[in-house]
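[1] Sequence isn't available, so here's the structure alone:
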């Protein structure tokens, strides 16, 4: 099938939208590390590192990646050029069209612990039939194209739900020693983000030189150390803004920021809004 190098259906404000890209050369994701939409990410060609929450996965052609909404994530280059991928984004509003039982089933992949589904040949064929059919409809824009696009979106969610349920009991693949060490570092940061964290302190704790740690963490996760510390703190600040009535200055301190102006700057850089505006989204008029 002859596809354009970039295709889109809908936009980030819709309950469901799609992005397809075929990229030449080397590429690493530079933005949108955390957002409310759930993702199904399918790698049609090439290979990628995909970091989700506190673990790096090496994704191969034919792998399906499940990313829950509001989870820290990023893709990065493995050193192998060229890749082709399609991402389906599902907002919580998407599930309102289904019955309660159906919605619960379709949400289930994003509530489990399985983030990487490694598909066999028949499974890949089924997924790629759905995806290429969807992409053909997006590209051709024939009358009524939204019907098969929406149908394929639900079919892919159902596939992921059934596959993930069957895979829950399977053991995760063993990461490389380097990836395992970087996972340890990420988990330490996630558990201790309220405390001051420096590259030198992390290097000492994990018996790695600061330069090696900085370079390797970036390669495996796509994040710099300071960037990951910052986004982990912002995620906690978002939770507190949604779930508590604490003052924003108190939330800044609770999330690990020593300086309120720095907190506001970092928060806006990651979320594209101020802490006050973010909180307002979750406050109903009295």
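    Structure received. Bear in mind the structure is a predicted one, so any value in this text is a computation, not a measurement. Numbers count the residues shown, from 1 in each chain.

[2] Would you map out the domains in this protein?
    According to automatic domain parsing, the chain comprises the domains 6-167, 177-281.

[3] JSON lines please, covering the ones you listed and showing mean pLDDT and mean neighbour count.
    The way it works is simple: take the backbone N, C-alpha and C, and place the C-beta from them, glycine included. Below are the domains of the chain laid out as JSON lines (pLDDT from 0 to 100; neighbours: other Cβ atoms under 10 Å):
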{"stretch": "domain 6-167", "mean pLDDT": "90", "mean neighbour count": "17"}
{"stretch": "domain 177-281", "mean pLDDT": "90", "mean neighbour count": "17"}
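
[4] Would you map the strands across this structure?
    Using DSSP state E, the strands of the chain run over residues 6-9, 16-23, 38-45, 47-52, 55-60, 63-67, 73-76, 83-90, 116-118.

[5] Including distance to residue 152, could those strands go into a markdown table?
    Below are the strands of the chain laid out as a markdown table (distance: least, Cβ to Cβ, whole Å):
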| stretch | distance to residue 152 |
| --- | --- |
| strand 6-9 | 10 |
| strand 16-23 | 9 |
| strand 38-45 | 11 |
| strand 47-52 | 22 |
| strand 55-60 | 21 |
| strand 63-67 | 14 |
| strand 73-76 | 23 |
| strand 83-90 | 9 |
| strand 116-118 | 17 |
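
[6] Which one of those lies nearest to residue 209?
    Minimum separation from residue 209 across those (Cβ to Cβ) falls at strand 55-60, 19.8 Å.

[7] Remind me what the closest one packs against, helices and strands.
    Packing partners of strand 55-60 (3 or more Cβ pairs under 8 Å, 6 or more residues apart in numbering; DSSP states H and E): strand 38-45, strand 47-52, strand 116-118, helix 177-192.

[8] Export the ones you listed as JSON lines, with columns for distance to residue 19.
    JSON lines is the format used below for the helices and strands packed on strand 55-60 (distance: least, Cβ to Cβ, whole Å):
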{"stretch": "strand 38-45", "distance to residue 19": "10"}
{"stretch": "strand 47-52", "distance to residue 19": "15"}
{"stretch": "strand 116-118", "distance to residue 19": "19"}
{"stretch": "helix 177-192", "distance to residue 19": "26"}
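
[9] Relative to residue 75, which of the ones you listed is closest?
    Across these, closest to residue 75 is strand 47-52 (Cβ to Cβ), at 5.0 Å.

[10] Please work out which residues outside the closest one touch it.
    41, 56-61, 65, 67, 71-78, 80, 83, 85, 115-116, 186, 219-223 (Cβ atoms under 8 Å, 6 or more residues apart in numbering).

[11] sorry, back to before: which one of the strands of the chain lies closest to residue 149?
    Per Cβ to Cβ, nearest to residue 149 of the strands of the chain: strand 6-9, 6.0 Å.

[12] Contacts only, for residue 251.
    By Cβ under 8 Å, 6+ apart, the neighbours of residue 251 are 237, 240, 241, 244, 275.

[13] try residue 145
    Taking Cβ under 8 Å, 6+ apart, one finds 137, 138 in contact with residue 145.

[14] on that earlier part again, go through the strands of the chain and name the closest to residue 178.
    The nearest among those, by Cβ to Cβ, is strand 55-60 at 9.2 Å.

[15] What strands line up against the closest one, and which way round?
    Partners of strand 55-60 in the sheet, by DSSP bridges, are strand 47-52 (antiparallel).

[16] now the strand it pairs with, how far from the chain's geometric center?
    With Cα atoms, centre = their mean, to the nearest Å as the basis, strand 47-52 stands 10 Å off its chain's centre.

[17] Now do it and strand 83-90, the angle between them.
    On the basis of axes from the mean of the first three to the mean of the last three Cα atoms, to 10 degrees, strand 47-52 is oriented at 30 degrees to strand 83-90.

[18] ok, and the closest non-adjacent residue to the residue nearest the centre of the chain?
    Central residue of the chain (Cα atoms, centre = their mean): residue 73, 3.8 Å from the mean position. Closest residue in space to residue 73, ignoring its immediate chain neighbours: residue 52 at 4.7 Å, by Cβ to Cβ, 6 or more residues apart in numbering.
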